[in-house]
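Visitor: sequence-free structure coming up:
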C-alpha cells in the first residue's frame, strides 16, 4: 500500500511455484527463468542436506518434447507416482480410475493431473507439456534441483549437490540427472541452424501470444519469455509435426500467468486457437463444459464434494459440479459418490456396506456409520469427520487445511496433536522450537543480543537497540545488507553505502572498471561525518 510516497508492505510468507513449460523452459521458485534443452530425466525438486523436513520429497521430469512421451515422477514419503501419456502408475500399479488417495497424497484428473500431499504443502499440476510445482513456505531453504533453492535469492539457483553454485548450465543440469547414461547436449539456440524456421516461428508465436484477447494482460505479464520459448521449440520441431502442440501449450502457459494476476483470458474463444488445440485434444472439455484457466479452488467436480481439494480446468456453471463418470455437469443432489476403496461410483441415494461401516450417497458425499465401537488413544475421539491432515504443533505455523476427512480417531475441536503425534492439547500448550530442541513456556534463549521467551508456543523477543549490524561489500560488487539481504549490482559509479536520515554521516563507495574483464572494483570509500573530515580511504 502506498502511504505518503512510500510503500508499506505486509510480511506474510507466501507459497512459491516453479514451472516447466514446453521444451524445458523453467521458471524457478525464486523467479529465475532459463531454458534447458535435454532429453535426460532431471530432478526438479528434492530435499537438500538441511534435513529439517519431516517428509521425503523428490520430483523428476523427462522432457522428450512430446505430450505422449514426457514423463513426470513424484515421490512423497513412501508413494511413487509416474505419469506418462495420461497414464498414472502408483507404486508400480497402473491406476485406471482417479481420484486416488492414500496416507501420503491425493491425485485427481480432468484436463490435467493434479497431485498434492495431504497437508497441502506440495501441489503439482501436469498436463503432459506443462509442470507446475507449488511449495508452501515450510520448504524455504530446504530444497534444490532445476527449480532452484527457494530462498528468495536468484544468484544461487544453480546450486549443485556439492554445495557449489555453477555458472555453466550444462554442468548444473548434469548434476541433477537421475541416470548416468545420458548426456546434456551443448546449449545452442536451435534457431541458429535454421534462420528460415526462426522467421516462420516468430510470426506464429507473436501472433498467438500477442492476440487482441491478451491485450488486458500485456502490461501485467511480459509475454517475451513465452514468445521466445515458443520460437525455440518450433525451431527444434523442423518437421512441424508438433506445431499446434507447442503453440497451444505456450498460449495456455501465458494465460495461466495472466490468471495469477487476476486477469482471466478465455483464449479458447479465439476460433483459430480453439480449433487447432482441440484437434489435438489439448485443453479439450466436453461440449457442454467450457475450458478455463481459472476455476474455483475447490469443489469443481462431483468427487470434490467429498474430497474438497484443488481444482480442475473444465468449468461448470455456478452451483453445478462435473460428473467425471458421465462427463456432464450436475446439480449437487444429482452427483454420484466415488468410493475409493472399490474404485466405483455409487448412485445418489444408494447405500453400500464396508467391512466397518454402512455408507449412503447423499449430495455427492458418502455418509458412513461405524459398525464397531472403536477405541481411541487417551485425549482422542472417534468420529466420521476426522481430518486426514490434522493440525499439529509441528505444522501449525504453516498449516493448510486439506479439507479431506475420514472415519477414525482424532482430536476434538479446539485441540491439535502435540509433538508426539498422539496426544491432543490446546495450541497454546505447544512448545517452542529452536534448532532441534523443544522449549516449554517460560524458557528463555539468547538470539543475537535479544532475550527470547517461549510464550504459548511462540518466541517473544526483546527489541533492544544495542545490537550491532554489519553491511558487507566484496568481490565484483556483491553486497550483504545490514538485514542480511544478498544481491549484486555491477555498476561503475559512486554510490551511497549508507546515509543517515538527518545527514549526520554518510559513506560513499566508488566503483571503477577492473582491467579488461568487465568486472567492477571498489577504488575508494569516502566517509563524511557532520559535513567535515571527509576522508578518502585507499
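Guide: Received the coordinates, thanks. Just so we're clear, the structure is a prediction, and the values are computed from it rather than from any experiment. Numbering: from 1, shown residues only.
Visitor: most centrally placed residue in the chain?
Guide: Centroid-nearest residue in the chain, with C-alpha atoms, centre = their mean: residue 134, separated by 1.5 Å.
Visitor: Can you name the next helix or strand after the helix or strand containing that one?
Guide: Residue 134 belongs to strand 130-135 when assigned by DSSP states H and E. With elements assigned by DSSP H and E, the helix or strand that comes after strand 130-135 is strand 143-144.
Visitor: got the residue ranges for the helices in the stretch 51-200 of the chain?
Guide: For the stretch 51-200 of the chain, the helices defined by DSSP state H, counting those that start in this stretch cover 169-175, 195-209.
Visitor: Now render those helices as JSON lines, adding mean neighbour count, distance to residue 47 and mean pLDDT.
Guide: To be clear about C-beta, it is placed using only N, CA and C from the backbone, and glycine gets the same treatment. As requested, the helices of the stretch 51-200 of the chain are exported to JSON lines (neighbours: other C-beta atoms under 10 Å; distance: least, C-beta to C-beta, whole Å; pLDDT from 0 to 100):
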{"stretch": "helix 169-175", "mean neighbour count": "18", "distance to residue 47": "15", "mean pLDDT": "89"}
{"stretch": "helix 195-209", "mean neighbour count": "17", "distance to residue 47": "36", "mean pLDDT": "91"}
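Visitor: Make CSV from the ones you listed and add distance to residue 375 to it.
Guide: What follows is those, written out as CSV (distance: least, C-beta to C-beta, whole Å):
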stretch, distance to residue 375
helix 169-175, 51
helix 195-209, 61
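Visitor: May I have the predicted confidence score for the residue nearest to the centre of the chain?
Guide: At residue 134, the model reports a pLDDT of 93.
Visitor: bridging residues for it?
Guide: Assessed by DSSP bridges, residue 134 has beta-bridge partners residue 17, residue 123.
Visitor: and the gap between the closest residue in space to residue 38 that isn't next to it in sequence and residue 412?
Guide: Nearest non-adjacent residue to residue 38, counting by C-beta to C-beta, 6 or more residues apart in numbering: residue 184, 4.8 Å away. According to C-beta to C-beta, to the nearest Å, residue 184 and residue 412 sit 54 Å apart.
Visitor: circling back: need the contact partners of the strand holding residue 134.
Guide: The contact list for strand 130-135, computed with C-beta atoms under 8 Å, 6 or more residues apart in numbering, reads 15-22, 29, 44-45, 59, 61, 72, 112, 121-126, 143, 147, 150, 249, 252-253, 256.
Visitor: ok, residue 47 - contacts?
Guide: Counted by C-beta under 8 Å, 6+ apart, residue 47 has contacts 53, 56-58, 142-143.
Visitor: Tell me what it is bridged to.
Guide: Under the criterion used (DSSP bridges), residue 47 bridges to residue 143.
Visitor: Could you do residue 107 as well?
Guide: The partner residues for residue 107, given DSSP bridges, come to residue 100, residue 115.
Visitor: and the angle from the helix ranked longest in the chain to helix 195-209?
Guide: Determined from DSSP state H, the single longest helix within the chain is helix 243-260. Inter-element angle recorded for helix 243-260 and helix 195-209: 40 degrees (by axes from the mean of the first three to the mean of the last three C-alpha atoms, to 10 degrees).
Visitor: Mind listing residues that contact helix 243-260?
Guide: 19, 21-23, 66-67, 127, 129-130, 132, 204-205, 208-209, 214, 216-217, 220-221, 223, 226-227, 229-230, 233-234, 237, 264-265, 267, 273, 276-277, 279-280, 282-283, 293-294.
Visitor: Show me which of the contacts of residue 47 are buried.
Guide: 57-58, 142-143 (16 or more other C-beta atoms under 10 Å).
Visitor: Can you name the two of the residues you listed that sit furthest apart?
Guide: 58 and 142 (12.6 Å; C-beta to C-beta).
Visitor: Now do residue 457 against residue 380, distance only.
Guide: Distance from residue 457 to residue 380, by C-beta to C-beta: 20 Å.
Visitor: and if you look at residue 450?
Guide: Going from residue 450 to residue 380 by C-beta to C-beta gives 38 Å.
Visitor: do residue 100 as well
Guide: 27 Å.
Visitor: what does residue 317 give?
Guide: 42 Å.
Visitor: Could you do residue 481 as well?
Guide: In terms of C-beta to C-beta, residue 481 sits 48 Å off from residue 380.
Visitor: And the two? Which one has more around it.
Guide: residue 380 (19 against 14; other C-beta atoms under 10 Å).
Visitor: any chance of the contacts of residue 47 in a markdown table, plus pLDDT and distance to residue 326?
Guide: Below are those laid out as a markdown table (pLDDT from 0 to 100; distance: C-beta to C-beta, whole Å):
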| residue | pLDDT | distance to residue 326 |
| --- | --- | --- |
| 53 | 68 | 41 |
| 56 | 88 | 38 |
| 57 | 92 | 36 |
| 58 | 94 | 37 |
| 142 | 91 | 43 |
| 143 | 93 | 40 |
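Visitor: okay if I get those as a markdown table plus distance to residue 37?
Guide: Output for these, formatted as a markdown table (distance: C-beta to C-beta, whole Å):
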| residue | distance to residue 37 |
| --- | --- |
| 53 | 31 |
| 56 | 30 |
| 57 | 26 |
| 58 | 23 |
| 142 | 29 |
| 143 | 24 |
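Visitor: just curious, which of those residues is nearest to residue 424?
Guide: residue 53 (24.3 Å).
Visitor: That'll do, ta.
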